[in-house]
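Novice: Next come a sequence and a model predicted from it.
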Amino acid sequence: MRPTLSRRRLLQAALPLLAVPAWPLAQAQSAYAGGKPLRLLVGFPAGGGTDAIARILAEQLKDELGVPVVVENKPGAGGQLAAQSLKTAAPDGSTLFLSHDHTISILPQVVKTPGFEPARDFVPAGGFATFVNAFAVSGGTPAKSFNDYVAWAKAQGGKGSVGIPAPASVPEFLVKVIGQKYQLDLVPVPYRGSAPMMADMLGNQIPAGTGSIPDFIENHKSGKLRVVAVLGNTRQAVMPEVPTFAELGLAGFEDVPYYGIFAPAGTPRPTLDQFSAALAKVIAQPAVHERLTAMGLTVGHMSPDALGAREKAYTATWTRIIKASGFQPQ
């Protein structure tokens, strides 16, 4: 009896020990990026629209991925510095880049040596929204509508300064097209992101600016500045009173930009799919969806393949526009 009892007790004592490694092993196998903290690069300063979006997502992604998610701002050159940082990062999913269209689709076409080539150096990890750019006037500018602004600018001798969040960007090309159509001498004034541009607009240091709706929405709602026109095919739900440029007779800006998240080339596809699935769950959360929608985004998940296709189509559209403008890479 004693040997049997001894073996039974030994087995009972050993069972918990045998079970201990199972949970950590399972966790190690499923941990995102091997359990490393995730750096989410943003190419614009803290306080701007893109930064705010990144922080909303990061707050929830940490729970879905099971790792800390830290937003790291690398402002400068329209996101170029952040993109260069992504290029040199380890391709294990622990460093990603949240970007809109400018850095990925526009900047490589307007800068001679951007220091990266999206098709070669990056892979899509997942998209989460599209948005539109807008034209806004500062509180100190008397114009109440876009046509009012054109009339006001002509009364100033046909001249005017318009803030843009980055040089050689969609907003800059928009300013040039507006100037050509309405015979105005409009000078695009580049900033290092939307936050400093917004500060000058709120301080009435510059009469107008262009940028994404997330940059303008809160101050538009409060009346501190006025969005007077938007790009895209339809008016935006967050500001239905604002007409599109197409309605105003300025065609060619109907293709809307996107927000996506990119990884270094060579990142394993299972890691990309794991991140994309987590991103889909996050933006499906009612609170997150509501916050992003309130910022003027049209929220919708794009798989890595869908984001890649969207980026290629948008790049092709702007290749035609940039070439037609005669712009030479600088």
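Specialist: It's in.
Novice: For stretch 150-167, what is the distance to the chain centroid?
Specialist: Here stretch 150-167 is found 26 Å from its chain centre; the criterion is CA atoms, centre = their mean, to the nearest Å.
Novice: Quick check: buried residues in that stretch?
Specialist: 150, 152-153, 160-167 (16 or more other CB atoms under 10 Å). Placement of C-beta: from N, CA and C, glycine included.
Novice: okay, those residues in JSON lines with pLDDT next?
Specialist: JSON lines is the format used below for the buried residues of stretch 150-167 (pLDDT from 0 to 100):
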{"residue": "Val150", "pLDDT": "97"}
{"residue": "Trp152", "pLDDT": "97"}
{"residue": "Ala153", "pLDDT": "97"}
{"residue": "Gly160", "pLDDT": "94"}
{"residue": "Ser161", "pLDDT": "97"}
{"residue": "Val162", "pLDDT": "98"}
{"residue": "Gly163", "pLDDT": "97"}
{"residue": "Ile164", "pLDDT": "95"}
{"residue": "Pro165", "pLDDT": "89"}
{"residue": "Ala166", "pLDDT": "83"}
{"residue": "Pro167", "pLDDT": "84"}
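Novice: got the residues you listed as a markdown table, with secondary structure and distance to Glu241 columns?
Specialist: Converted to a markdown table, these look like this (DSSP: H, G, I helix; E, B strand; the rest coil; distance: CB to CB, whole Å):
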| residue | secondary structure | distance to Glu241 |
| --- | --- | --- |
| Val150 | helix | 18 |
| Trp152 | helix | 19 |
| Ala153 | helix | 22 |
| Gly160 | strand | 23 |
| Ser161 | strand | 26 |
| Val162 | strand | 22 |
| Gly163 | strand | 23 |
| Ile164 | strand | 24 |
| Pro165 | coil | 24 |
| Ala166 | coil | 28 |
| Pro167 | coil | 31 |
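Novice: OK, contacts around the residue nearest to Ala284 when sequence neighbours are not counted?
Specialist: Spatial nearest neighbour of Ala284, chain neighbours left out: His301 (7.6 Å); criterion: CB to CB, 6 or more residues apart in numbering. His301 is in contact with 126-128, 276, 279-280, 283-284, counting by CB atoms under 8 Å, 6 or more residues apart in numbering.
Novice: Under a three-state scheme, what state does His301 occupy?
Specialist: strand (DSSP: H, G, I helix; E, B strand; the rest coil).
Novice: Tell me the spacing between the residue nearest to Gly43 when sequence neighbours are not counted and Ala278.
Specialist: The spatially closest residue to Gly43, leaving aside those adjacent along the chain, is Gly79, at 2.7 Å (CB to CB, 6+ apart). Distance of Gly79 to Ala278, given as CB to CB, to the nearest Å: 23 Å.
Novice: okay, those two: which has more neighbours?
Specialist: Neighbour totals were compared for Gly79 and Ala278, and Gly79 leads with 30 against 20 (other CB atoms under 10 Å).
Novice: Confirm that that one sits in a strand.
Specialist: No. Gly79 is assigned helix when assessed by three-state DSSP, not a strand.
Novice: I figured it hits Thr103, correct?
Specialist: Yes. Under the criterion of CB atoms under 8 Å, Gly79 makes contact with Thr103 at 3.3 Å.
Novice: For the protein, give the strand that spans the most residues.
Specialist: strand 122-130 (DSSP state E).
Novice: For it, which helices and strands make contact with it?
Specialist: If contacts are counted by 3 or more CB pairs under 8 Å, 6 or more residues apart in numbering; DSSP states H and E, strand 122-130 sits against helix 80-87, strand 258-264, helix 269-284, strand 298-302, helix 304-325.
Novice: strands paired with the shortest one, and their directions?
Specialist: Listed by DSSP bridges, the sheet partners of strand 298-302 and their directions read strand 122-130 (antiparallel).
Novice: could you point out which element follows the strand it pairs with?
Specialist: Next along the chain after strand 122-130, taking DSSP states H and E as the criterion, comes strand 133-138.
Novice: Which neighbours in the sheet does that following strand have, and how are they oriented?
Specialist: As assigned by DSSP bridges, strand 133-138 forms pairs with strand 208-212 (antiparallel), strand 225-230 (antiparallel).
Novice: surely Pro89 meets Pro264?
Specialist: For residue 89 the amino acid is Ala, not Pro. Yes. Judged on CB under 8 Å, Ala89 makes contact with Pro264 at a distance of 5.0 Å.
Novice: so what's in contact with the two at the same time?
Specialist: Shared contacts of Ala89 and Pro264 (CB under 8 Å, 6+ apart): Thr95.
Novice: Specify which residue of those two has the higher count of neighbours.
Specialist: Just comparing Ala89 and Pro264: by other CB under 10 Å the higher neighbour count belongs to Pro264, 22 against 18.
Novice: what's the nearest residue to that one if we skip its chain neighbours?
Specialist: Pro91 (4.3 Å).
Novice: Assign the one you found to helix, strand or coil.
Specialist: Under three-state DSSP, the three-state class of Pro91 is coil.
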